[in-house]
Structures are given as C-alpha cells and as structure tokens.
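J.: my questions are about this predicted structure, shown below with the sequence.
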Amino acid sequence: MTLKLNDKYLGSFVSAEELSAIAPEVQAAHDLLTSRTGAGNDFLGWLDLPVNYDKDEAARIVEAAKKIQKSCDVFIVIGIGGSYLGARAAIEFCTSSSYNDLCKDTPKIYFVGNDISASHMAELLQICEGKDICVNVISKSGTTTEPAIAFRIFRDLLVQKYGKEGAKERIFATTDRAKGKLKELSDAEGYETFVVPDDVGGRFSVLTPVGLLPIAVAGIDIYAMMDGAAAAREAYAECDLANNDCYKYAAIRNILSRKGKSVEFFVSYEASLIMTAEWWKQLYGESEGKENKGILPASVSFTTDLHSMGQFLQEGSRIMFETVIDLQESSHGVEIPFEASNSDGLNFIAGKDMHYVNRQAFMGTVLAHTDGGTPTMVLELSKRGAAEFGYLVYFFEKAVAISGYMLGINPFNQPGVEEYKKNMFALLGKPGYEDRAAELAKKM
C-alpha cells in the first residue's frame, strides 16, 4: 500500500524556500493538534481511533453485518452529512460505483435521509416493494430533520410488513452512547445499537460504527480498513515536511491560498472515486469555511468533465489549483480491439488496456493544466481496496486539521450549519420559533 505526494507539477508556483518559510506554522499547528490544546480539542477522537477503536464493538458490527446479509435484499442506510457520505464513498471506492447492480452475496444498499425530496423517497419505497428490508438509522440525537423523517417512514413500513417484534430485528441504530431521542427509542423498542463516539465529529466518523456497519454489510473487510488508517497514523506522526506528505499537502494548500488560489479541485479518473470526492468536499468545506476564510473545495471526474469543465480549468480565471488522485493499478483489464477498417482511427491504441489509455489522459491533462497556469498536486495511490481507503481517509483528516489550525480557525466545529435549520424550523411552525418566523415573514 502506497500513497505518495508528487509535487513536481507545481512548477514555479511553490518553491522550496516558501515551504521552508512556512514550516514554523506547520510545527505550531502540529503542536496544537498533538498536545490537544487547540480549538475543538474535544473532537480529536479520530486521531488515535485506528488503534484505539472498540474491538468488541467491531466484532458486533461484523456479526450484525452477517445477520443483515442473510435476512434482507435491501439495506436502507438513513443519515445525512458524515452519517452518509463516508460509508457510500467507502463502498464505491472498495467495490464499484455500480455496487447495487453487481452485488451478489450482499444486499443492495440505498442511502436516504440525506434530503427531503418526496420523489426520492417515493422511488425508494417503490424499489423496496416485495423485498426484505433492514434499516440502519444513524443520528446522534435522533431529531435531525432529514433522517428523522426518513426513519419515521421506514420504521412505519417495517412495522406494517413484519409487525413490531419482527421490525425490531431489522432495525439497527447508530447513535449516542447514553442520551438522545433515538437512544431512548432504541432501548425502549429493543433495537441493536452501535455508538457514535462523543469525541468524533460527523465528517470524521467514517471509521467509527457510523460508517463501518454499512461498509461491512457490503462485504468489505473493516479490519483491513482500520489497519490502513493505523499505517497512515504512524506514517504521519512526525512534523517533518521533507518526509510527511500529509503535512506537506497542508502546507502547499496554504501557500497557494495566500497567492490567491481560493478553489481546490479534487480530480479523479475513476467513477468509483466520485463519492470519495463528495466526502472530501464535506470534510474540507465544513472544516475550513469559517470567519470568511478557507479554500473552496470542488471536484471533477475526468475524462468526463474535461468535456464540460475542461475549458475553464485550462483557461478560466486563475483562482484554482488541483489535487489529482493517480490510481496506478486497475482491478480490471479491458483491451481495446483491433478493427480492420479502422473507421474511427483508433488502431494506434489497439491491443492496449483501457487503464493504460486512462493514465495517459491523466498525464496529458496534468501537463496541459500546469502549462495553462493551474498548480497541480498528484496523490499517487497504488490501488483501490479497504486498507487503501482507510489510509486515504486518515491522510485527508489529519491534513485538514493541520491546515485549519494554520488558517487560524477551529477545524472541528460547524456553527454556520445551524442557521438554515433555524429558518426551516421557523417556516415549518415548530414551537419556540415564532419570533424568528415573524422576522422571516418580513423578508419574504
């Protein structure tokens, strides 16, 4: 397993002198993080999670996953934000973006509770008709609007289909250890529960039971995933920019930001990494976007988006840089056939594997964008797998912590997220929000 930061395509954008100059700031951020004295230090459980996770609970997760695999055709995962993106990213990264079409010995997995779309819900209920269903509801409080609505609907469906006793064997709750409405309901109804750790924020929670149960249901080795994260924890323990690619990535981001590069594009060349990009966008957007600071995280999937965003990335305003995942090995081989007529003019690549062609497209694009004035970092990843995903997750988590402290913000809170909720509650007529509702009515 390897993950290596290749910075040779940064060209003249970042110099060795600039890295040396910013090293004291990296050291200061490292000290805040490792001494646990920085802002948000009560949410640092992810730091040692790869070696300190609850092994007994992990064993229960594996057993629950086996039970779910045997008892249902469709596994419904209810959650939003970090309770959704991480698990879906892991499943698609380790298996396929077409998991539900290709899975054989494991149930199809659908994610709900991440929006309030009536159409999405109706379509999913239609998919579930005539199928055996299990549900994993993920919520620390049990009162977050989007997942709470979805759970109310699916809990009612399961009770109608299996009866109250049958339903409780098919509902698994990942929630607070001791408090909250969902914990109270789970204890009262007899649902099996797993713990959302108090000291791990949602966007850092994929390697907790929040992500591990759905990941295990998909047939992925969660122990290998934790071992991968543990290897990254060891690799990135020391504050040494020459040998710590995680810290170097954080440092380069900050150097580029100070030069007006305010948008970072996460670039992949595999459909199986699209949801990893979505997880990364939450991790970086919610961690850094505060106090009118931060780098806007965006993503593209190449070569698809070269035919839509390619023009802007090549010649648009020079406010961006790219972080490209270079997947060096493919789990599949597809050879391009020879055609006697050569009607499409492609015989020059006949006999070559598609993965080889894809990597040449990657190299050609990196060179073009660099020449066009877009700084590019390349993260060279050996292959897709459970250990590799765990390693990549830890890399990005620690990098955003260092980067956030370098920005001078708390990387572990999200105060701005609450504003839309308060407005929504007021507009829906929730008791206690009458004054806010009156204020909003004047603005509409």
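T.: Received, thanks. Since the model is a prediction, treat every value here as computed from it, not as a measurement.
J.: which residues does the longest strand along the chain contact?
T.: When every strand of the chain is counted residue by residue (DSSP state E), the longest turns out to be strand 320-327. Outside strand 320-327, the residues that touch it by Cβ atoms under 8 Å, 6 or more residues apart in numbering are 6, 13, 249, 253, 256, 261-270, 273, 276, 298, 313, 359, 362, 366, 369, 374-381, 383-384. The way it works is simple: take the backbone N, C-alpha and C, and place the C-beta from them, glycine included.
J.: put the buried members of the residues you listed into a PyMOL selection.
T.: Once 16 or more other Cβ atoms under 10 Å is used to decide burial, the buried members of the contacts of strand 320-327 can be selected in PyMOL as follows:
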select buried, resi 13+249+253+256+261+264+265+266+267+268+269+270+273+276+298+313+359+362+366+369+374+375+376+377+378+379+381+384
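J.: quick one: distance of the following helix or strand past the longest strand of the chain to the chain centre.
T.: Using DSSP states H and E, the helix or strand that follows strand 320-327 in sequence is helix 354-371. In terms of Cα atoms, centre = their mean, to the nearest Å, the gap separating the centre of helix 354-371 from the centre of its chain is 25 Å.
J.: helices or strands up against helix 354-371?
T.: Contacts of helix 354-371 with other secondary structure elements, assessed using 3 or more Cβ pairs under 8 Å, 6 or more residues apart in numbering; DSSP states H and E, are made with helix 310-315, strand 320-327, strand 376-381.
J.: for that helix, which positions count as buried?
T.: For helix 354-371, a neighbour-count test (16+ other Cβ under 10 Å) marks 355, 358-359, 362, 365-366, 369-370 as buried.
J.: how about low-confidence regions in the protein?
T.: Residue ranges of the chain with pLDDT under 70: 1, 416-418.
J.: longest helix anywhere in it?
T.: Longest helix of the chain, by residue count under DSSP state H: helix 145-168.
J.: thinking again about what came up before, so can I have CSV of the helices and strands packed on helix 354-371 showing distance to Glu291?
T.: As requested, the helices and strands packed on helix 354-371 are exported to CSV (distance: least, Cβ to Cβ, whole Å):
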stretch, distance to Glu291
helix 310-315, 28
strand 320-327, 22
strand 376-381, 25
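J.: and of the ones you listed, who's closest to Met226?
T.: Taking Cβ to Cβ, strand 376-381 is the member of these nearest to Met226, at 18.2 Å.
J.: next secondary structure after the closest one?
T.: Following strand 376-381 in sequence order, the next helix or strand is helix 386-407 (DSSP H and E).
J.: what's that next one packed up against?
T.: strand 3-6, helix 16-35, helix 85-94, helix 222-235, helix 245-258, helix 274-288, strand 376-381.
J.: okay, the angle between that helix and helix 274-288?
T.: An angle of 20 degrees separates the directions of helix 386-407 and helix 274-288 when computed by axes from the mean of the first three to the mean of the last three Cα atoms, to 10 degrees.
J.: run through who's touching the next helix or strand after helix 386-407.
T.: Using DSSP H and E, the helix or strand that follows helix 386-407 in sequence is helix 417-428. The contact list for helix 417-428, computed with Cβ under 8 Å, 6+ apart, reads 145, 286, 433-434, 436-437, 439-440.
J.: let me know which of the helices and strands packed on helix 386-407 is tucked in deepest.
T.: Ranked by mean neighbour count under mean count of other Cβ atoms under 10 Å, the helices and strands packed on helix 386-407 are led by helix 85-94, which reaches a mean of 27.
J.: so which bits of the next helix or strand after that one are buried?
T.: Secondary structure here is assigned by DSSP H and E; on that basis, the next helix or strand after helix 85-94 toward the C-terminus is helix 99-102. Residues of helix 99-102 classed as buried by neighbour count (16+ other Cβ under 10 Å): Tyr99.
J.: ok, residues contacting helix 99-102?
T.: Residues contacting helix 99-102 (Cβ under 8 Å, 6+ apart): 91-92, 95-96, 108-110, 218.
J.: at 7 Å instead, please
T.: Contacting residues not belonging to helix 99-102 are listed as 91-92, 96, 108-109, 218 [Cβ atoms under 7 Å, 6 or more residues apart in numbering].
J.: dump that helix to CSV, restricted to CA.
T.: Once non-C-alpha atoms are left out, helix 99-102 reads as follows in CSV (Å, rounded to 0.1, in the frame of the first residue of the first chain):
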residue,chain,number,x,y,z
TYR,A,99,-22.3,-1.8,-6.5
ASN,A,100,-26.1,-2.2,-6.4
ASP,A,101,-26.0,-3.7,-10.0
LEU,A,102,-23.1,-6.0,-9.4
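J.: returning to that earlier point: so which of the helices and strands packed on helix 386-407 gets nearest Ile153?
T.: Taking Cβ to Cβ as the criterion, helix 85-94 is the member of the helices and strands packed on helix 386-407 that comes nearest to Ile153, at 19.8 Å.
J.: tell me what the closest one is packed against?
T.: Of the remaining helices and strands, those touching helix 85-94 by 3 or more Cβ pairs under 7 Å, 6 or more residues apart in numbering; DSSP states H and E are helix 209-217, helix 274-288, helix 386-407.
J.: including distance to Ala230, could the ones you listed go into a markdown table?
T.: A markdown table is the format used below for the helices and strands packed on helix 85-94 (distance: least, Cβ to Cβ, whole Å):
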| stretch | distance to Ala230 |
| --- | --- |
| helix 209-217 | 14 |
| helix 274-288 | 19 |
| helix 386-407 | 8 |
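J.: so which of those helices comes closest to Asp54?
T.: helix 209-217 (8.4 Å).
J.: now the angle from that closest one to helix 274-288?
T.: Between the axis of helix 209-217 and that of helix 274-288 there is an angle of 170 degrees, by the same axes, to 10 degrees.
J.: buried set for stretch 402-411?
T.: With burial defined by 16+ other Cβ under 10 Å, the residues of stretch 402-411 counted as buried are 402-407, 409-411.
J.: among these, which two are most distant?
T.: Greatest spacing in these, by Cβ to Cβ: Ile402 and Asn410 (13.5 Å).
J.: what does Phe412 show for phi and psi?
T.: phi -110, psi 0 (degrees, to the nearest 10).
J.: tell me if I'm right that it and Val200 touch.
T.: No. Using Cβ atoms under 7 Å as the test, Phe412 is too far from Val200 to be in contact (9.6 Å).
J.: give the intersection of the neighbour lists for these two.
T.: Residues touching both Phe412 and Val200 by Cβ under 7 Å, 6+ apart: Phe43.
J.: quote the end-to-end distance of stretch 92-110.
T.: Between the opening and closing residues of stretch 92-110 there is a gap of 12 Å (Cα to Cα, to the nearest Å).
J.: gap between that stretch and the chain center?
T.: For stretch 92-110, the separation from the chain centroid amounts to 17 Å (computed by Cα atoms, centre = their mean).
J.: how about stretch 289-308?
T.: The chain centroid and the centroid of stretch 289-308 are separated by 14 Å, computed with Cα atoms, centre = their mean.
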